[in-house]
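[1] Sharing a model that was predicted from the sequence below.
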Amino acid sequence: MQTSVFEDQGALARELARRITDAIRQSPAIVLGLPTGRTPIKLYDELARQTAGRASWARVRTFNLDEFVGIPASHPSSYRQFMEQHLFRHVDAAPEHLNFLDGTAPDLEAECRRYEAAIDAAGGIDLQILGIGTNGHIGFNEPGPELAARTHRVTLTHETRVSNAGLFGGNVEQVPVEALSMGMATILHARRIVLVATGGRKASCVQQTINGPLTTMLPASFLQLHPDAEVMVDREAAARLEGATSR
Ligand code: F6R
């Protein structure tokens, strides 16, 4: 897997935003897979700034990786609202092209199938951006004895609920116990994947993702199988990578 190390979060965000902006200019109807979380906030800031007046989002289609079960799209803690706040309301995106899982759908299994079909109907994901949990999860594919291939309903680990507590006023008890998430095959079918990790807390899972064995106990390790996956990290997240030099 190609690995690029950046001096800091800002340099990483600028470079990735530059690449995504170029990709939108080249393919105005590009299909993007997008994460939420703390990591992409700077990226989305940069992306809104760099695309302004240079690249239109009008035909861009997006699919977010995951959403909490039981949290309506209008709820301030939903991932949908996160995306509105950090990216979509700052760009000229067309609401009908922005796809989210509905964690309040009456039949959640049918909702997962609908999402898979919508990704297929869009022609698949051209560029999937990922964050990574300290436990190696991508999307909400949590470590365990087996991994789900397709979009599915998942029980969140305590660790993941703790890291999402910020969205719920710091109260982990308020974080839903379940979510809907793209599966491993959904993610691995993207034509191109960029995993972003910043900060020392991610140094260990980044090291294992790149150099460790493939294991369901570290879902991100399966990215090693992808022909066009890149890991973009800042210096702190690269701390355990031997011979990594930053740019
Ligand atoms: C969120 C998602 C998660 C996060 C991961 C890292 O849509 O898919 O896998 O990318 O939990 O979160 P942060 O960036 O907050 O460390």
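    The structure has been received and is ready for your questions.
[2] now the residue lying farthest from the centre of the chain: how far from Ala203?
    Ranking residues of the chain by C-alpha distance from their mean position (Cα atoms, centre = their mean) puts Gly243 at the top, at 26.9 Å. Shown here: Gly243 relative to Ala203, a distance of 15 Å by Cβ to Cβ, to the nearest Å. C-beta here means a position set from N, CA and C on the backbone, and glycine is covered the same way.
[3] What score does the residue of the chain at minimum distance from the ligand have for pLDDT?
    Of all residues in the chain, Gly131 sits closest to the ligand, with a separation of 2.4 Å (Cβ to the nearest ligand atom). Here the pLDDT value assigned to Gly131 is 98.
[4] May I have the residues that are in contact with it?
    Gly131 makes contact with 35-37, 39-40, 138, 195-197, according to Cβ atoms under 8 Å, 6 or more residues apart in numbering.
[5] In stretch 209-223, which residues are buried?
    Using 16 or more other Cβ atoms under 10 Å as the burial criterion, the residues of stretch 209-223 that qualify are 209-210, 212, 216, 218-223.
[6] Next step: those restricted to helices.
    With helices taken from DSSP state H, the overlap with the buried residues of stretch 209-223 comprises 209-210.
[7] Distance to Pro106 and pLDDT for the buried residues of stretch 209-223 - can I get that in TSV?
    Below are the buried residues of stretch 209-223 laid out as TSV (distance: Cβ to Cβ, whole Å; pLDDT from 0 to 100):
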residue	distance to Pro106	pLDDT
Thr209	37	98
Ile210	41	98
Gly212	40	97
Thr216	31	98
Leu218	34	98
Pro219	29	98
Ala220	32	98
Ser221	36	98
Phe222	32	98
Leu223	34	98
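[8] For the buried residues of stretch 209-223, which two are the farthest from each other?
    Spatially, the most separated pair among these is Ile210 and Thr216, at 17.2 Å (Cβ to Cβ).
[9] next structured bit after the helix ranked longest in the chain?
    The longest helix of the chain (DSSP H) is helix 9-26. Of the helices and strands lying after helix 9-26 in sequence (DSSP states H and E), the nearest is strand 31-34.
[10] mind checking how far the helix or strand of the chain with the lowest mean pLDDT is from the chain centre?
    With mean pLDDT, DSSP states H and E as the measure, the helix or strand of the chain carrying the lowest mean pLDDT is helix 158-163 (a mean of 92). For helix 158-163, the separation from the chain centroid amounts to 16 Å (computed by Cα atoms, centre = their mean, to the nearest Å).
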